[in-house]
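Engineer: predicted model and sequence follow; I will ask about them next.
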Amino acid sequence: MLDLGLPAGRWELTHHDYRAGVAFHDRQVRGPFARYEHAHRFSDEAGQGVLEDALEWSLPLAPLSAPAEWFVRHEFARLFAWRHRVTRLDLERLARVRGTSLLIGVTGASGFLGRQLCAFLSTQGHRVVRFVRGATAASGASIAWDPARGVLDASALAGLDAVVHLAGAGIADAPWTTARKTELVDSRVRSTDTLARALAAALPNGGPRVLVSASAIGFYGDRADQKLTEQSAAGQGFLAELAQRWEGAAEPARAAGVRVVHPRIGIVLSSQAGALAKLAQPFFFGAGGPLGNGRAYWSWISLHDLLEILLLAIEDGRLQGPVNAVAPEPLRQRDLARALGRVLHRPALLPAPAFALRALLGREQADEMLLASQRVYPWLLQAAGFRYRDPEPEPALAAMYGVPRLGA
């Protein structure tokens, strides 16, 4: 299944006519089009690689569907402008930072961020081994574990250079009932503890020397306008306590000598998933605006900057402990809403009142997920010389939702 971001959502394609390094083709098996063929071609012109996408498609119910053709063409133009930009930047990074190919284990590889990370690591010349829940796993391609029961064979980690740990139930996927909060904690703490103990046992026998174990800026709690760095104390509330326990569960690996990095991830900007995808929905109907009074700071990061940060955490031995995975400058939520409105050519005038959000989600969940103010700065990333693809929000949003020049 492949999601190309068009209004009809997901559809099924089949690959055919694959020629290594030259071309492959996609054909719709079922989905929103009456006919859909996509040729991906790769060539070398004057010493530069050229990526070409050629589409042949038609909408159902022609000619009644003719008015929708402009919108579909616009969406394809937006999609391929974004795709070509990402590909170009990935290749530029590979040329700039080309190093030894690593064997990297990834937990949570089936989630949105995990899937994106696995693809990115592959483009950078690394090999990926996915952790899968269950009794068996394909030899060499995956590692079996059962984090709920604390089961992971340490010998399966031999040969890995690093592990990126992303597993955990989605914070925003369900209401925070008592049972759900227990699940959110257990899915992170138990899985991290299981992994950390196995890493500690595997280290003397050639196990991974690096663990990049995800955390979140929820660690800092609601801190109004206070400037926060990696040295700032933990805040209060459910998410702050969760992040502390999440990070603390990695202690067995750290004590054994594994370099442990905790990227405290900010609000990830992606048009495909997460907070931005949900925030953008009302804008398409002209009903967008800030959340609450809009004064809360949102410390954000673009998806592809986050992927580079996760790889940098593996590669750069100077990074250890908490690392704020956020853009250089946090943004008040109302300013992010205005930037999104400008990019989408929609008004950003209709706020979602705090009382309505609390009625919808419950006070605790609304206050901590949507209304909390976290003014977080990435001091350690900047000290390490990290080069942001998207240091400013509006160009990042334009790349996701607009049709920028491919060289932009």
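Structural biologist: Sure, I can see it.

Engineer: what's the helix or strand harbouring Arg85 packed up against?
Structural biologist: Counting by DSSP states H and E, the element that carries Arg85 is helix 69-96. If you count contacts as 3 or more C-beta pairs under 8 Å, 6 or more residues apart in numbering; DSSP states H and E, helix 69-96 packs onto strand 48-58, helix 112-123, helix 303-315, helix 393-401. No exception for glycine: its C-beta is placed from N, CA and C like everyone else's.

Engineer: do you know which of the ones you listed lies nearest Gln272?
Structural biologist: Minimum separation from Gln272 across those (C-beta to C-beta) falls at helix 112-123, 7.0 Å.

Engineer: any idea of the angle the next helix or strand after the closest one forms with helix 112-123?
Structural biologist: Next along the chain after helix 112-123, taking DSSP H and E as the criterion, comes strand 127-133. Relative orientation of strand 127-133 versus helix 112-123 (axes from the mean of the first three to the mean of the last three C-alpha atoms, to 10 degrees): 150 degrees.

Engineer: so who does Leu349 touch?
Structural biologist: Gly289 (C-beta atoms under 8 Å, 6 or more residues apart in numbering).

Engineer: repeat that with 10 Å
Structural biologist: 286-290, 337-338, 341 (C-beta atoms under 10 Å, 6 or more residues apart in numbering).

Engineer: buried ones among these?
Structural biologist: Buried members of the contacts of Leu349, scored by 16 or more other C-beta atoms under 10 Å, are 288-290, 337-338, 341.

Engineer: grab the nearest non-local neighbour of Leu166.
Structural biologist: Gly108 (3.3 Å; C-beta to C-beta, 6 or more residues apart in numbering).

Engineer: just the pLDDT for the one you found.
Structural biologist: pLDDT recorded at Gly108 is 94.

Engineer: these two touch, right, it and Trp145?
Structural biologist: No. The pair Gly108 / Trp145 is not scored as a contact, 11.7 Å apart, by C-beta atoms under 10 Å.

Engineer: please enumerate the shared neighbours of those two.
Structural biologist: Common neighbours of Gly108 and Trp145 (C-beta under 10 Å, 6+ apart) are 131, 167, 191.

Engineer: please name the bridge partners of the first one.
Structural biologist: Spelled out, that is Phe131. When bridges are called by DSSP bridges, Phe131 pairs up with Ile143.

Engineer: number of residues surrounding it?
Structural biologist: 27 (other C-beta atoms under 10 Å).
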